[in-house]
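Colleague: Build me a model from this:
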Amino acid sequence: MAIDVVALRAHFPSLAHGFAFFDGPGGTQTPVPVAEAIARTMTGPLSNRGTVSASERNAERTVAEFRSAYADLLGVPANGVVHGRSATQLTYDFSRHLAKSWRAGDEIVLSRLDHDANVRPWIQAAERTGVAVRWIEIDDATTGLDLDSYERALSPRTRLVAVTAASNVLGVIPPVRLIAERAHEVGALVHVDGVHYAAHRLVDVPALGADLFVCSPYKFLGPHCGVLAGSPELLETLAPDKLLPSTDAVPERFEFGTLPYEVLAGATAAVDFLAAMDPGGEEEHGAGNGIDGGADRGTDAGSREGGAPGASRRERLRRSLRSLHAHENALRTRTEEGLRALGDAVTVHTKAPDRTPTLLMTLEGRDAREAQAHLAARGVVAPAGSFYAHEVFAALKLPDPSLRVGLAPYNDAEDVDRLLDGLSSFLRAAV
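Modeller: Next comes the predicted model:
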């Protein structure tokens, strides 16, 4: 099967305004089922968590459904799922938790390919504890990671390796599993920034070898929040600073204050929406495209509702993300072919063969923000900047700003053609 993009686009009211959105790496548009789940939860009945009243039980169920959904999405136990305000906030929190055991003379290894959210928290924690920072450099020829530099950076003193699963500007997907295996050989933990990766590939945290993995639901059609996945056994060894009356249970010990139940419900609905993008054999069973109404039901790990008989949510996610990968790759190929047709005036800085449908480009002799404004005037949203990828831009000496084009599930061929036509007219105007 494949994704019915026309049917999928109908669930996004923002698309009716006529925009072609290529800013998915910064945050995607929101489908109706996600917004409805948020509204339905906020309008209750809803109270703080408990078991006495229906409103308390609604809160408890919302939290349980959230953990179950992200257990299915990420391939981890439900009690290894931690909610946070953002991936940045979670990384800062866990940098402090982990650094409690670091000592002067220890080392950590960071990657030049990463968003600053997976760099600065670790550097600042290292500075506070007297820990040395080593680097995995970028290979200029491939724009991927230089694994020889990684070997040189590792040592028996390495306590942590932090690496991205996919660059938010270049789309490069490094060999995380290999990096993790080498880190574990020297006794180090591995923290993976999966914010960009989780929007385009099915995540299997244990298969990646990640000890901790963060992602952001608003990059894959959900509300603004962050999710951290880790083994409950590892989480049990970490002691965060917290309020005295608050629970010490994992994962709740890492979630400070009252949880935003409406956000959790929206994040759960986003996972169900993803799982229903490719309905597989559902049509013959009268389930339609599987997207409508899925967000208002209780789900759990392995839920079989809303999918083909016998299909767990994890299996449906696997099918949908496989189809999404094919859809986005086809559009990426169409985009790249169109950019090549524009000649030497466009330079695409992404070179690695294994990558997400995200392209960073510069336009000969023109400011990328001028291109952004030109496209915006034509209803095409493609941002310009450095996108918090400070180390990437410095290592590769990339122009700041550069133009980033990132595809999302709701993009179609007409969107790509509008982008290419807009860039073409911009370049012609420059002559």
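Colleague: got a list of what the closest residue to A368 other than its chain neighbours touches?
Modeller: Distances taken as Cβ to Cβ, 6 or more residues apart in numbering put A384 closest to A368, at 3.7 Å, once the chain neighbours are dropped. Where you see a C-beta, it was placed from the backbone N, CA and C, and this is true even at glycine. A384 makes contacts with 367-369, 371-372, 401-404, as judged by Cβ atoms under 8 Å, 6 or more residues apart in numbering.
Colleague: now swap in R322 and tell me
Modeller: 202, 278.
Colleague: Centre of the chain to the helix or strand it falls within, how far?
Modeller: For R322, the enclosing helix or strand under DSSP states H and E is helix 313-341. Mean C-alpha position of helix 313-341 versus that of the full chain (Cα atoms, centre = their mean, to the nearest Å) differs by 16 Å.
Colleague: Name the next helix or strand following it along the chain.
Modeller: strand 346-348.
Colleague: Check the gap between H196 and P206 for me.
Modeller: To P206, H196 is 20 Å away according to Cβ to Cβ, to the nearest Å.
Colleague: what's near enough to touch the most centrally placed residue in the chain?
Modeller: Relative to the mean C-alpha position of the chain, the nearest C-alpha, by Cα atoms, centre = their mean, is the one of V195, at 2.5 Å. Applying Cβ under 8 Å, 6+ apart, we find V195 in contact with 87, 115, 117, 168, 214-216, 219.
Colleague: Can you report the mean pLDDT over the residues of the helix holding R322?
Modeller: The pLDDT scores in helix 313-341 average 98.
Colleague: Can you list the buried residues in stretch 89-101?
Modeller: Buried residues in stretch 89-101, counted by 16 or more other Cβ atoms under 10 Å: 89-99.
Colleague: For R404, what are phi and psi?
Modeller: phi -110, psi 130 (degrees, to the nearest 10).
Colleague: Please verify my assumption that A132 contacts D106.
Modeller: Yes: using Cβ atoms under 8 Å, A132 is in contact with D106, at 7.4 Å.
Colleague: what about the two, which has more around it?
Modeller: Legend: neighbour count by other Cβ atoms under 10 Å for A132 and D106, higher for D106 (19 against 14).
Colleague: right, and the more buried one touches R134 too?
Modeller: No: assessed by Cβ under 8 Å, D106 is found out of contact with R134, at 11.0 Å.
Colleague: Now render the buried residues of stretch 89-101 as CSV, adding secondary structure and distance to R253.
Modeller: Listed next are the buried residues of stretch 89-101 as CSV, based on DSSP: H, G, I helix; E, B strand; the rest coil; distance: Cβ to Cβ, whole Å:
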residue, secondary structure, distance to R253
Q89, helix, 16
L90, helix, 14
T91, helix, 17
Y92, helix, 16
D93, helix, 11
F94, helix, 12
S95, helix, 17
R96, helix, 14
H97, helix, 10
L98, helix, 15
A99, helix, 17
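Colleague: Which one of the residues you listed is nearest to D354?
Modeller: D354 has its nearest neighbour among the buried residues of stretch 89-101 in T91, at 24.1 Å by Cβ to Cβ.
Colleague: what about L423, how many neighbours?
Modeller: For L423, using other Cβ under 10 Å, the count is 24.
Colleague: Common neighbours of A132 and D106, please.
Modeller: Residues touching both A132 and D106 (Cβ under 8 Å, 6+ apart) are R157.
Colleague: just to revisit the earlier point, A117 versus the residue nearest to the centre of the chain, what's the distance?
Modeller: 8 Å.
Colleague: Give the residues shared as contacts by the two.
Modeller: The contact sets of V195 and A117 overlap at A87 (Cβ under 8 Å, 6+ apart).
Colleague: ok, how many other residues are close to D116?
Modeller: For D116, using other Cβ under 10 Å, the count is 16.
Colleague: Please apply the same query to the one 10 residues further on.
Modeller: Look at A126: counted by other Cβ under 10 Å, it has 21 neighbours.
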